[in-house]
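1. model the structure of this input:
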Amino acid sequence: MTDGITIKKAYERIQTLVKKKPEIGKKTVSTIVRCKEGTTCEVVHKDWTFKVDIGESEGGNNAGPGPGLLQRGALGGCLAIGYVQMAAVQDVPIDHIEVEVEADTDLQGRFNINNSPPGSLQITYSIKIESPAKKQEVQKVIEEADRLSPVLDDFRRAIPIKRNLNIQKSKQKKMEEADQ
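-> You can find the predicted model right below:
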């Protein structure tokens, strides 16, 4: 397990580097998702590959976690990691961190029954922390980590989204047309 000193040094090293050369901190990251078998998708990013799917009750293969679970996990993971990093940076000892993320939904919007939003109506996160530090010190860690959390920021702020669409005829269709 990574210790607080290592975490703090890494945080400060990156912070110093980006202060000196801001262009290093500006980049585009990309993740590729391919549908493989019905609803089962393969997600690929650098050295990581994993599956995303929906459950059998929704017509899926249940071959991996669903997008909503990953969304909640991404938020909770980003928050928990941020608390660990900020506790290390501020030299606040933490013995245990747990983040629970709940999403309130209305499937009527998702299944085009009414005009409810198809996504979450509200997201709530609850934090449990065990620490020998003073409550005010832990609170300062949480406040600063929340302020700097990239995934929490993505949820809170409207981000411009662009769509690029590239439709091509499949090889099977081309072969059928050539046979006629």
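
2. any buried residues in stretch 101-121, and which?
-> Within stretch 101-121, the residues that qualify as buried are Val101, Ala103, Thr105, Ser120, counting by 16 or more other CB atoms under 10 Å. All C-beta spots, glycine's among them, are computed from the backbone N, C-alpha and C.

3. could you measure from the residue lying closest to Leu121 once chain neighbours are set aside over to Gly119?
-> Excluding the flanking residues, the one nearest Leu121 by CB to CB, 6 or more residues apart in numbering is Asp104, at 4.7 Å. For Asp104, the distance to Gly119 equals 11 Å [CB to CB, to the nearest Å].

4. re the thing from before, pick out the most distant pair among the buried residues of stretch 101-121.
-> Distances among the buried residues of stretch 101-121 were taken as CB to CB; the most separated pair is Val101 and Thr105, at 12.8 Å.

5. mind checking how far the residue most central in space within the chain is from Leu165?
-> For the chain, the residue whose C-alpha lies nearest the mean C-alpha position (CA atoms, centre = their mean) is Ala74; its distance is 3.0 Å. Distance check for Ala74 against Leu165: by CB to CB, it reads 25 Å.

6. then Ser30?
-> As for Ser30, its distance to Leu165 is 17 Å (criterion: CB to CB).

7. which helix in the chain runs the most residues?
-> Once the chain is assigned using DSSP state H, the helix that runs over the most residues is helix 67-89.

8. residues contacting the next helix or strand after that helix, please?
-> Toward the C-terminus, helix 67-89 is succeeded by strand 96-104 as the next helix or strand (DSSP states H and E). Residues outside strand 96-104 that contact it (CB atoms under 8 Å, 6 or more residues apart in numbering) are 68, 71-73, 75-77, 79-80, 83-84, 120-130.

9. report the buried members of these.
-> 71-72, 75-76, 79-80, 83-84, 120, 123, 125, 127, 129.

10. what's the farthest-apart pair in those?
-> Greatest spacing in the buried ones among the contacts of strand 96-104, by CB to CB: Val84 and Ser120 (25.6 Å).

11. could you pull out the strands for this protein?
-> Secondary structure of the chain (DSSP state E): strands located at 32-37, 40-45, 48-52, 96-104, 122-130.

12. Ala10 is nearest to which of those?
-> Taking CB to CB as the criterion, Ala10 comes closest to strand 96-104 out of the strands of the chain, the separation being 18.0 Å.
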